[in-house]
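> just the structure for this:
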Amino acid sequence: MTTDKNAYLNFSAMRRMALTMCKISQSFMKCSVKSMRWLIGLEYKQELGKILGTLDEAFLEQALRAANEKKKANS
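Purely as a prediction, here's the structure:
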């Protein structure tokens, strides 16, 4: 737990970004977000290399559009 407000906001943003990356890469990793976080914790260099190596611009754009459409449908 951090007491500095700026540090807390920075950690919060990084945590959200990491969770979003896990959710986006869930389709090709074929495992749950919980399992993915566990795998990354064991061998982070290898697992992050796999995730970042498969995330290209077209895939990210498609995933973001799908997430926006899903969000609009739920509203």
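> what packs against the helix or strand Met14 falls within?
Element membership of Met14 [criterion: DSSP states H and E] is helix 5-29. Counting by 3 or more CB pairs under 8 Å, 6 or more residues apart in numbering; DSSP states H and E, the packing neighbours recorded for helix 5-29 are helix 33-42, helix 44-54, helix 57-74. For every residue, glycine as well, the C-beta is placed using N, CA and C.
> how many neighbouring residues does Ile24 have?
By other CB atoms under 10 Å, 19 other residues sit near Ile24.
> read off the pLDDT value for it.
For Ile24, the pLDDT comes out at 78.
> what's it in contact with, if anything?
Counting by CB atoms under 8 Å, 6 or more residues apart in numbering, Ile24 touches 55, 60, 63.
> give the ranges of residues in the chain that sit below the confidence cut-off.
Low-confidence segments of the chain, defined by pLDDT under 70, are located at 1-2, 54, 75.
> separate out the buried members of the contacts of Ile24.
For those, a neighbour count by 16 or more other CB atoms under 10 Å gives the buried set as Ala63.
> adding distance to Arg37, write the contacts of Ile24 out as JSON lines.
As requested, the contacts of Ile24 are arranged in JSON lines below (distance: CB to CB, whole Å):
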{"residue": "Leu55", "distance to Arg37": "17"}
{"residue": "Leu60", "distance to Arg37": "20"}
{"residue": "Ala63", "distance to Arg37": "18"}
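> turn the helices and strands packed on helix 5-29 into a markdown table, columns for distance to Leu19.
Formatted as a markdown table, the entries for those read as follows, by distance: least, CB to CB, whole Å:
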| stretch | distance to Leu19 |
| --- | --- |
| helix 33-42 | 7 |
| helix 44-54 | 13 |
| helix 57-74 | 13 |
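> which among these is found nearest to Lys23?
Evaluated over the helices and strands packed on helix 5-29, closeness to Lys23 peaks at helix 33-42, with 6.2 Å, by CB to CB.
> what comes up buried for the closest one?
For helix 33-42, using 16+ other CB under 10 Å, the buried residues are 36, 39-40.
> wait, Cys22 sits on Cys31?
No. Counting by CB atoms under 8 Å, Cys22 sits too far from Cys31 to count as a contact (9.8 Å).
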